[in-house]
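Undergrad: The amino acid sequence is not available; the structure is as follows:
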């Protein structure tokens, strides 16, 4: 995936700065002393020095879409990452380096997103590929140049932000096709007990009031643990405000 972002950056610089291939090279290798000594013509070095998750734009949860208007598929939402590049200019004269670096800077500031027509096919369908000059809190470590054994040079710290598609779509469960609801008056023997589970061959409990006592009659099927313990058939329940038989 990263190599496709590199291709997009090169295509953008070639077209927008512009940097014609006949006049300027673009390199993505580490700009160490050996590499710098081998540079023979003006070159823009775009070195990827850091990759990390963008916590502000990444989100949890599931994304959902319909394949044919009826069947849904789901997958976790794509994580969003930041690719941090250090862009430096290399030429025989310092003024040429500054002119080259300034032209690249104008291109970065003028394009908040990488245009779709510069994206390679594998990432062309990405919702966005953002391009920005890094803020003050994003800095190349102080020991960066010494670790590369190179000479200190001015550079642009550029951040490319994009979602990475890493999860497959999987079929979601079938949607509900019907919802039924029964309603009856309390005390007429027709209202089913609210919350009573039923099983095959079982009929829901019904309320009957006999002599001021509320009685639940019927055959109750298995109930889940969240529904509590099912009362036995013929069990007697107290009406609201009625004292228990023992007190």
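TA: Structure received. Just so it is clear, the structure is predicted and the values come from calculations on it, not from any experiment.
Undergrad: so where do the helices sit in this structure?
TA: 2-16, 33-38, 94-110, 144-148 (DSSP state H).
Undergrad: ranking those helices by burial, who's on top?
TA: helix 2-16 (a mean of 18; mean count of other Cβ atoms under 10 Å). Backbone N, C-alpha and C define where each C-beta goes, glycine included.
Undergrad: For this structure, give me the ranges with low pLDDT.
TA: Flagging of the chain using pLDDT under 70 yields the residue ranges 61-65, 69-70, 142, 147-150, 168-169, 173-176, 182-247.
Undergrad: can we see that at 80?
TA: 58-76, 138-152, 166-247 (pLDDT under 80).
Undergrad: care to break it down by domain?
TA: The record's domain parsing of the chain by automatic domain parsing lists 2-171, 183-238.
Undergrad: Need the helices of the chain in JSON lines (columns: distance to residue 131).
TA: Below are the helices of the chain laid out as JSON lines (distance: least, Cβ to Cβ, whole Å):
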{"stretch": "helix 2-16", "distance to residue 131": "8"}
{"stretch": "helix 33-38", "distance to residue 131": "25"}
{"stretch": "helix 94-110", "distance to residue 131": "6"}
{"stretch": "helix 144-148", "distance to residue 131": "22"}
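Undergrad: so which of those gets nearest residue 123?
TA: Evaluated over those, closeness to residue 123 peaks at helix 2-16, with 4.8 Å, by Cβ to Cβ.
Undergrad: The closest one vs helix 94-110, what angle?
TA: Helix 2-16 and helix 94-110 are oriented at 110 degrees to each other (axes from the mean of the first three to the mean of the last three Cα atoms, to 10 degrees).
Undergrad: Which elements pack onto helix 2-16?
TA: strand 25-27, strand 43-53, strand 80-90, helix 94-110, strand 156-163 (3 or more Cβ pairs under 8 Å, 6 or more residues apart in numbering; DSSP states H and E).
Undergrad: who does the longest one touch, helix- and strand-wise?
TA: Spelled out, it's helix 94-110. helix 2-16, strand 80-90, strand 130-133, strand 156-163.
Undergrad: Please list the outside residues in contact with the longest one.
TA: Outside helix 2-16, the residues within contact range by Cβ atoms under 8 Å, 6 or more residues apart in numbering are 19-21, 26, 28, 44, 46, 48, 51, 83, 85, 104, 107, 110-111, 114-115, 118-120, 122-123, 129, 131, 160, 162.
Undergrad: And stretch 160-178, end to end?
TA: Counting by Cα to Cα, to the nearest Å, you get 48 Å between the two ends of stretch 160-178.
Undergrad: what do you get for stretch 66-76?
TA: 15 Å.
Undergrad: In it, which residues are buried?
TA: 72, 75 (16 or more other Cβ atoms under 10 Å).
Undergrad: hmm, back to that, could I get the helices and strands packed on helix 2-16 in CSV, plus columns for distance to residue 145?
TA: Output for these, formatted as CSV (distance: least, Cβ to Cβ, whole Å):
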stretch, distance to residue 145
strand 25-27, 17
strand 43-53, 11
strand 80-90, 10
helix 94-110, 16
strand 156-163, 13
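Undergrad: Please identify which of the helices and strands packed on helix 94-110 is closest to residue 36.
TA: strand 80-90 (6.7 Å).
Undergrad: Partner strands of the closest one, with direction?
TA: Note on strand 80-90: by DSSP bridges, its sheet partners are strand 43-53 (antiparallel), strand 156-163 (antiparallel).
Undergrad: out of the ones you listed, deepest packed?
TA: Of the strands paired with strand 80-90, strand 156-163 is the most buried (mean count of other Cβ under 10 Å), at a mean of 20.
Undergrad: So what touches it?
TA: Contacts for strand 156-163 (Cβ under 8 Å, 6+ apart): 5, 9, 46, 54, 57, 78-88, 101, 104-105, 108, 114, 123, 126-134, 138-140.
Undergrad: Pull out the buried members of these.
TA: 5, 9, 46, 78-88, 101, 104-105, 108, 114, 123, 126, 129-132, 134.
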